[in-house]
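S.K.: Build me a model:
(4 chains)
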Number of protein chains: 4
Amino acid sequence: MKKIAVLTAGGDCPGLNAVLRAVVKTAINDYGISVLGIKDGYWGLVENEMQHLSFEKVSGILTLGGTILGTSNKADPFRFPVKKKGKITYEDLSDKAIENCRKRGIEALICIGGDGTLTVANKLIQKGLKIVGVPKTIDNDLSGTDVTFGFDTAVANATEAIDKIHTTAMSHHRVLVIETMGRYAGWIALTSGVAGGGDIILIPEIPYDIKKICERVKERGRRGKRFSIIIVAEGARPKDGDIVVSRIVEGSPEPIRLGGIGQKIGQEIEKRTGIETRVAVLGHLQRGGTPTAFDRILATRYGTHSVHLLKQGKFGHMVALKGQRITSIPISQAIKKLKLVPLNHPLIQAARSVGTSFGD
Amino acid sequence: MKKIAVLTAGGDCPGLNAVLRAVVKTAINDYGISVLGIKDGYWGLVENEMQHLSFEKVSGILTLGGTILGTSNKADPFRFPVKKKGKITYEDLSDKAIENCRKRGIEALICIGGDGTLTVANKLIQKGLKIVGVPKTIDNDLSGTDVTFGFDTAVANATEAIDKIHTTAMSHHRVLVIETMGRYAGWIALTSGVAGGGDIILIPEIPYDIKKICERVKERGRRGKRFSIIIVAEGARPKDGDIVVSRIVEGSPEPIRLGGIGQKIGQEIEKRTGIETRVAVLGHLQRGGTPTAFDRILATRYGTHSVHLLKQGKFGHMVALKGQRITSIPISQAIKKLKLVPLNHPLIQAARSVGTSFGD
Amino acid sequence: MKKIAVLTAGGDCPGLNAVLRAVVKTAINDYGISVLGIKDGYWGLVENEMQHLSFEKVSGILTLGGTILGTSNKADPFRFPVKKKGKITYEDLSDKAIENCRKRGIEALICIGGDGTLTVANKLIQKGLKIVGVPKTIDNDLSGTDVTFGFDTAVANATEAIDKIHTTAMSHHRVLVIETMGRYAGWIALTSGVAGGGDIILIPEIPYDIKKICERVKERGRRGKRFSIIIVAEGARPKDGDIVVSRIVEGSPEPIRLGGIGQKIGQEIEKRTGIETRVAVLGHLQRGGTPTAFDRILATRYGTHSVHLLKQGKFGHMVALKGQRITSIPISQAIKKLKLVPLNHPLIQAARSVGTSFGD
Amino acid sequence: MKKIAVLTAGGDCPGLNAVLRAVVKTAINDYGISVLGIKDGYWGLVENEMQHLSFEKVSGILTLGGTILGTSNKADPFRFPVKKKGKITYEDLSDKAIENCRKRGIEALICIGGDGTLTVANKLIQKGLKIVGVPKTIDNDLSGTDVTFGFDTAVANATEAIDKIHTTAMSHHRVLVIETMGRYAGWIALTSGVAGGGDIILIPEIPYDIKKICERVKERGRRGKRFSIIIVAEGARPKDGDIVVSRIVEGSPEPIRLGGIGQKIGQEIEKRTGIETRVAVLGHLQRGGTPTAFDRILATRYGTHSVHLLKQGKFGHMVALKGQRITSIPISQAIKKLKLVPLNHPLIQAARSVGTSFGD
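M.R.: Below is the predicted model of the structure:
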């Protein structure tokens, strides 16, 4: 193997650059393979926008958030947006993508991304490309791996925010609602909520009862606690309802965040209890900043291992963490279903033991 | 002088505890005066809720955000909310407040607060109470002092948030709108915006033109910059409009933040330019966390100086920073008008020199 | 079970307070058991210094470093230091310790500590006390558990320090040597070294060759890299020598840190290469500050689980992390041997792949 | 004016990159002047190592510590080290430096540096170069300007370190000695010491009495305070002695830091009081990391203003902060004497009021 290429697709995630650095250094140091960086995910694969990644290019990026390659959400080669006469139509340009690889002498690809990215990778594999995957989801909801990089940083960012809000909450008689990421799985809300000492934590997996929440807030008041901190995953939902708060914008896989569920719950609590309520939507703050040491380590290990997998010919596999070991599993198996928080997860039990309510 | 009391009123602010610590330690160390802490601002003065502040009580609070005394917004002794038969009426209980001081042997008061708090203090002075003021506003919009404590921490928090969002912005083709505090004055948005390298900064003092903003965003795109960072003070407003976004809640001096102006501008930009836009409302994150070294120093100096002022009999004055010196000015003079950002402020000029637009 | 007691012994560690909070809350919430806090480790057990830990006492301590109970290193009840006529002699006061428990109605103990603490606990168990252990070592070198709390925070602190030093190193032509904790095991140096992108990492498990180190520094210079970052565990040692740098102070289990090995290596490199060298000894900075989210979670889980173990009668066991699960193992088994970094540990392999040298 | 050049010399300092960014952006935006960056301070001026600084080159460096140009300490053009036959001799190469400027069409220079750098600049001015200075000293000891950039970051870093050490100190019965920068002036120790709530602060301006220090430590013990935090500037010295701890390395303007005075004081206290003592030498940690918002603002204002000064022909001047205004003063006037902490400085008085001892 002489030349490979790497791309990052989907939402950005702390640790992406650490993976890229590890891929390039390992490829050169261990195997003398040169690496091309593809611009903006699959977009650059179709549009043939790539550049050589030298040692120099990946030097000093270990601590950097985001991705130096850029990324994109809407550039599926099998349904690629093409502007014609001011209108966008979607075409299958996967052959062009594959042809670009052939012409440039790219023998294999490393695709770093989430569910969507890996699904596309799988289809490209079926058309003959040699691909190894690196899982990426800040929400930690990918089955097949214990943890994904970026999650620890998101939890650290969210916890720091909760800590900050805690100090101001204690000075007032107030309810503070903090909305975290997590549309389908409550990992970030649960983990940062327990780490931040949240009084109530609402996650998609445990539908909440607004009456229980208000009861809890009032009961805290009776015990002399002037404030309550409520952590809400953006995908949290009430027991009885089918309320969908996030508005899906046409053509976008990501709903624009309107401070949806947090705002809604805050207003409801204020109305029902008469206690002043403030809402904070953490949003993009969670995926920003320098990755934690944990994420840099995990991302570095993923990066080096993905090159080893390529060299071993384990195409169609993605790297995964099992306990303390990096291993690999078939991509097809990983993308089958979301990893939700099990209702009997030990952290939920521990949280209940220290007095946290889940609004159920 | 044997006994004084201290209260913190209005919104909480990083550095309040540092002031309290300095007041207590200076009173005891320098003058052998004992200090009572009044609970929840003027509320505790009326309700006679106070406790002795020993060395022990203020030990270890220097680094703590918020205020150990608690605070309140709606407890003006001259218009005190009283619940009668389930309805709230407002009564003048200032005599009761003064009587509480007399009974407890409190010879003088230190009132730490903003505009509203100091206005009330001034009225209590006219009724015979001996009071020294310590100015507090996270927005830095109090005339009479160069800087107020809490402001540096708010700027640090906002700048850190901008830094975090910067890294994720760079990976996408996006506009990021970040809404900071600052209802009337743009100090936080201006300072954190320049410190965070914002491309466009919108402050109440410089009404914006949405067309200029969109032009700027597009022009950056033409120069190869894929993203734009826009810092918006919550009180920013368009040139031609009289749009008031924040909703004022009955009886509250503070509007509930609905992610107003930031959200509005974000949607407008997305509509006009077609570029994906994300909005972050920093809200209470800005006033949270441990105070910066600068604020701890300033708060400590304010605290010690306020006790010296009491001892010198300079009642009716508040402490103030002038250049590197702590001095004092009459409260009446300080609360006369807001300190807005002058249009020719050197920081605005410097910002323009490095290419920042103010949307004008 | 009506009443239990808890103590923290040995060096302090971020997360101790999180364990205490979880112990108290779980005991009260789940079982109605009341908890006594023992002052300064085994010292308070012998001297009968304890206090009731209410909800109030453990409120707000989750984010606090250190331990609210205090700790001590030199208070082994079986060899307790007693001052007589100005001279210190050592006596077996274990019976007194046990008698104190009996008198106060303490039915069981939770002992939080490292190797030394758990060894003492084991001896007390043999004398009839009912004890459950919670492992604590910032160095992560305790066998029987995958990770110990405090380690993630130490790594985060060390990594942050390396990051800071990195920026200044890049501006000069210099070698920067950073000494971390780790007298016997290199976990902190290895993990923070990889996370911080260290060029050379020296750990006790891999004796170094100073010539190899200097070669590496010079080779970097030839490739245009003006600086080198070297992470050294305090227990690192040369291949050929038996140099012991740390001086053991009489009666203390901890050597006073004299900036030993880091200083020594720095001077040697400067002498051999002629390149300016600077040394930073991180020392106590590593165990300070607020625990990371990871450590708060782990500590909370340890705390709740230790109470469950007591209730289940699993005396003589300590809590342990295995993969994602909290489990328990016999204390006697855990303290048998140190958990050193295996030479084929995947992180060492990954580090070599990205070009890190171990000086071997 | 069409072309100017800029250099950074002396020790690195947080904010240098912010100055460079502001210089380049202002030169291009406001005046259409192009800017060359000189490598490694005066070294590049003599060796003719320079590169064009485009917008692109200074993009994203605002938050970066260190300097992208590199710096050097030992490259005085008037006494330039030249290696001949393996021996270093010193030659006056100032004519060569000036000739390099002439050949490249450099019309004026901006020299960013401390005392030494500005002294050299002054000599080059006398030989006909047009130069404007930007003062840089992390120690804040330059007369002629109220504050220098980098100082606020150094104080923030030192304060954060003190905070971290505080939490671990509180769990033990110990004295913690923390050595900060400040060879001649005690600004960093004083400011971070007050901000961090240090019990004793030792600065060069106030010679200490070791007996007073020990008395204070013991007196705290009697009041039930188990620990004491002592902040020591590296240039602190005893009342009666002429002890110089730092060893000056031949040819280096900077002594190698051997953990000198902090270590010495720590050992003395341990010997005299019998209380365990730990020492932390902060060293290069203080100048590392991302600059604070305050320093970014100050550096940006310095950078823009220095270009304006060039354009106005105010050669031989350096920018300076007076109160809230940026102004300029003759370089010759600024480098005349060090700005020491006055013994009656208000911060010293405030520190004494809150109970801080200066060991005098």
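S.K.: tally of neighbours for residue A:337?
M.R.: The local packing count at residue A:337 equals 12, with neighbours defined by other CB atoms under 10 Å in any protein chain shown. Quick note: C-beta positions are derived from backbone N, CA and C, even for glycine.
S.K.: ok, now which ones touch whatever residue of the stretch 251-360 of chain A ends up closest to chain C?
M.R.: Of all residues in the stretch 251-360 of chain A, the one sitting closest to chain C is residue A:293 (3.7 Å; CB to the nearest CB). Each residue near residue A:293 by CB atoms under 8 Å, 6 or more residues apart in numbering or on different chains is listed here: C:152, C:155-156, C:159, C:191-192, C:195-196.
S.K.: Break chain A down into its domains, please.
M.R.: Dividing chain A into domains by automatic domain parsing, as the record does, gives the ranges A:3-149+A:291-323, A:151-288+A:342-353.
S.K.: Between the ones you listed, which one is closest to residue C:233.
M.R.: Proximity of these to residue C:233 was assessed by CB to CB; the nearest stretch is domain A:3-149+A:291-323, lying at 15.8 Å.
S.K.: Just the endpoints, please. Distance across the closest one?
M.R.: Taking CA to CA, to the nearest Å, the first and last residues of domain A:3-149+A:291-323 lie 32 Å apart.
S.K.: same question, stretch A:217-237
M.R.: Note: stretch A:217-237 ends 19 Å apart using CA to CA.
S.K.: again with stretch A:159-178
M.R.: From its first residue to its last, stretch A:159-178 covers 10 Å (CA to CA).
S.K.: Now do the helices in chain A.
M.R.: Remark: helices assigned in chain A by DSSP state H are A:16-31, A:42-47, A:55-58, A:94-104, A:115-126, A:151-169, A:187-195, A:210-222, A:260-273, A:293-311, A:331-334, A:346-353.
S.K.: what about the closest residue to residue A:298 other than its chain neighbours, neighbour count?
M.R.: Distances taken as CB to CB, 6 or more residues apart in numbering or on different chains put residue A:149 closest to residue A:298, at 4.4 Å, once the chain neighbours are dropped. For residue A:149, the number of neighbouring residues by other CB under 10 Å comes to 33.
S.K.: swap in residue A:85?
M.R.: Other residues lying near residue A:85 total 5 when counted by other CB under 10 Å.
S.K.: ok, now residue A:215?
M.R.: Using other CB under 10 Å, residue A:215 has 15 other residues around it.
S.K.: residue contacts, the closest residue in space to residue A:128 that isn't next to it in sequence?
M.R.: Leaving out its chain neighbours, the residue that sits closest to residue A:128 by CB to CB, 6+ apart is residue A:98, at 6.8 Å. Listed by CB under 8 Å, 6+ apart, the contact partners of residue A:98 are A:124, A:127-129.
S.K.: and which of those residues is nearest residue D:346?
M.R.: Each of the contacts of residue A:98 was checked against residue D:346 using CB to CB; the closest is residue A:124, at 68.7 Å.
S.K.: what's the distance between the residue most central in space within chain A and residue A:19?
M.R.: Geometric centre of chain A, nearest residue: residue A:138, 2.0 Å, by CA atoms, centre = their mean. In this structure, residue A:138 lies at 14 Å from residue A:19, with CB to CB, to the nearest Å as the measure.
S.K.: same check, this time on residue A:148
M.R.: Between residue A:148 and residue A:19 the distance is 11 Å, computed by CB to CB.
S.K.: cool, residue A:113 as well?
M.R.: Relative to residue A:19, residue A:113 is positioned 11 Å away (criterion: CB to CB).
S.K.: Check the contact lists of the two and give me the overlap.
M.R.: A:8, A:134.
S.K.: What's the per-residue pLDDT of the residue at the greatest distance from the centre of chain A here?
M.R.: Distance to the chain centre peaks in chain A at residue A:222, reaching 39.0 Å (criterion: CA atoms, centre = their mean). Looking at residue A:222, its pLDDT stands at 89.
S.K.: Any idea how many residues pack against residue A:352?
M.R.: For residue A:352, using other CB under 10 Å, the count is 15.
S.K.: Touching, residue A:340 and residue A:184? I think so.
M.R.: Yes: taking CB atoms under 8 Å as the contact criterion, residue A:340 and residue A:184 are neighbours in contact, 7.0 Å apart.
S.K.: Low-confidence stretches in the stretch 151-300 of chain A?
M.R.: Screening the stretch 151-300 of chain A residue by residue with the criterion pLDDT under 70, one finds the ranges A:241-259.
S.K.: Go again with 50.
M.R.: For the stretch 151-300 of chain A, the stretches flagged by pLDDT under 50 are A:242-258.
S.K.: Can you tell me which residues in the stretch 51-200 of chain A are near chain B?
M.R.: By the rule CB under 8 Å from any CB of the partner chain, the part of the stretch 51-200 of chain A lying against chain B is A:64-67, A:70-72, A:157, A:161, A:163-173, A:176.
S.K.: that older thread, quick one: pLDDT of the residue nearest to residue A:128?
M.R.: 97.
S.K.: and what of residue A:49?
M.R.: Model confidence at residue A:49 (pLDDT) stands at 97.
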